[in-house]
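Colleague: make a model of this:
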Amino acid sequence: MRFQLQVQGAGAARHSVALEAASEAEAIRLAARQGWRVLAVASAGTTGTVGADDARGAVAGRAQPFPLLQFSQELLALLEAGLNLGEAIATLRNKEDRPGARATLVAIERALQQGQSFSDTLAGLPAIFPDIYVATVHAAERSGNLPEALARYVAYQLQFDAIRKKLVSAAIYPAMLLVVGTLVTLFLLGYVVPRFSVVYESSGREIPFMSQLLLGFGRTLAGHPWLCLGALGGAVGGAALALGHPQLRARLILAVLRLPVLAARAAEFRLARCYRALSLLLHAGIPLAKALAMTNAMLLPAQQEQLALTRRAVEQGLPFSVALEQHGLATPVAQSLLKVGENTGRLGDMLERSAKFHDEQFARWVDWASRLIEPLLMTVIGVVIGGVVVLMYMPIFELAGSLS
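Modeller: Got it, this is the predicted structure:
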């Protein structure tokens, strides 16, 4: 079959390529081997079961991301109900009405019918299924306990999503305060201040220096409204572009996380996520050294170097807890729990307990920080707006004082 792929090269340039492959998964694998990142897939001239709707769904896959967590939860429910893997995938495909997700399920079902293993099928879709998910499924296939592996992944992802939602909800109110405060300040400077400027100029009285600066700035805004709106729109568009571009967004996040107040908390949060992923992989039966290599991308750049040294020490026979402590990847709580886990043979459980402890600590810190930031922002916005108003009325105050 012939597949039309929208791909992105190393230079971030997007283009379309046509590949001959037995399945969509095989076409994606061929593109990945050539160093391309697959953004969308459409079938062209196929003889399989993928119809026009499925092809359009594959193209729309980028706009409608595959719901991995929902897929895992529904697949787990069907497997626990007694369906085999092929029947469960077919059931999910039949009930799916989103074109992008349906095209992915059709590709998985076709690959399974052709005799591929479930893990190999998922590995052929790297843009949808992360390495940890594929490794967990691969290990579960060897042990014959796929539902348990899916249940552990669902719990892992739900915990991470809960923390992420807490961060987003904590950031919404401060962001709204900043937006509203900025708009009110611009309205005062661009509309109200120029009107006061006309009154003061006609009075012929001397105006205080700070009020002169404010009135001059207001006249400049009022005299070039389209330029100011263009600058504001450019700033908003640049911020949206930076947030929408993966590489720019990653650099921006790293720059923010280097701030003194956030650096320590960000490192602990990444460590907790790494602990939970290691617990998931160890429970799936993956060796510790391989699990450490797979969780490398979850850490900050400095922590990745420490993790590489930790993995090398573990491969040389050093106990895991000692290796983590030597290379600065173990908090005091995690250090104590991991030693217990090594002594009792329950390292995976202790890693999960460590992650849970740090997640709860991080959630409490987010609550505290949000309660502190909100009044601080309100104070800053009040001072700015109040300062503009006082500077506008200062000449009137001086005039009233001279009359008295």
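
Colleague: give me the neighbour count for Ser169.
Modeller: By other CB atoms under 10 Å, the residues close to Ser169 number 11. To be clear about C-beta, it is placed using only N, CA and C from the backbone, and glycine gets the same treatment.

Colleague: let me know the pLDDT of it.
Modeller: We have a pLDDT of 81 for Ser169.

Colleague: next one: Met350
Modeller: At Met350, pLDDT is 90.

Colleague: and it, how close does it get to Glu74?
Modeller: Going from Met350 to Glu74 by CB to CB, to the nearest Å gives 31 Å.

Colleague: which of these two has more neighbours?
Modeller: Using other CB under 10 Å, the more surrounded residue of Met350 and Glu74 is Met350, with 22 against 16.

Colleague: mind telling me what element that one is part of?
Modeller: Secondary structure assignment for Met350, by DSSP states H and E: helix 347-403.

Colleague: what's that helix packed up against?
Modeller: With contacts defined as 3 or more CB pairs under 8 Å, 6 or more residues apart in numbering; DSSP states H and E, helix 347-403 has these neighbours: helix 146-187, helix 193-203, helix 209-223, helix 260-283, helix 332-344.

Colleague: what angle do it and helix 146-187 make?
Modeller: 10 degrees (axes from the mean of the first three to the mean of the last three CA atoms, to 10 degrees).

Colleague: and Ala18, which of the three is it?
Modeller: strand (DSSP: H, G, I helix; E, B strand; the rest coil).

Colleague: leaving out chain neighbours, which residue sits closest to it?
Modeller: With sequence-adjacent residues excluded and distances taken as CB to CB, 6 or more residues apart in numbering, Ala18 is closest to Gln4, at 5.5 Å.

Colleague: buried residues, stretch 373-386. List them.
Modeller: Along stretch 373-386, these residues count as buried under the neighbour rule (16 or more other CB atoms under 10 Å): Leu377, Ile381.

Colleague: swap in stretch 354-370?
Modeller: Ser354, Ala355, Phe357, His358, Asp359, Gln361, Phe362, Val366, Ser370.

Colleague: could you do stretch 154-174 as well?
Modeller: For stretch 154-174, by 16+ other CB under 10 Å, it's Val154, Tyr156, Gln157, Gln159, Phe160, Ile163, Lys166, Ala170, Pro174.

Colleague: contacting residues around that stretch?
Modeller: 68-69, 72-73, 76, 269, 273, 276-277, 279-280, 355-356, 359, 362-363, 366-367, 369-370, 373-374, 377 (CB atoms under 8 Å, 6 or more residues apart in numbering).

Colleague: swap in stretch 382-399?
Modeller: 181, 184-185, 188-189, 192-193, 196, 200, 203, 205, 207-208, 210-211, 214-215.

Colleague: dump the buried residues of stretch 154-174 to JSON lines, plus distance to Gln34.
Modeller: Shown next, in JSON lines, are the buried residues of stretch 154-174 (distance: CB to CB, whole Å):
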{"residue": "Val154", "distance to Gln34": "34"}
{"residue": "Tyr156", "distance to Gln34": "32"}
{"residue": "Gln157", "distance to Gln34": "31"}
{"residue": "Gln159", "distance to Gln34": "37"}
{"residue": "Phe160", "distance to Gln34": "32"}
{"residue": "Ile163", "distance to Gln34": "37"}
{"residue": "Lys166", "distance to Gln34": "41"}
{"residue": "Ala170", "distance to Gln34": "43"}
{"residue": "Pro174", "distance to Gln34": "45"}
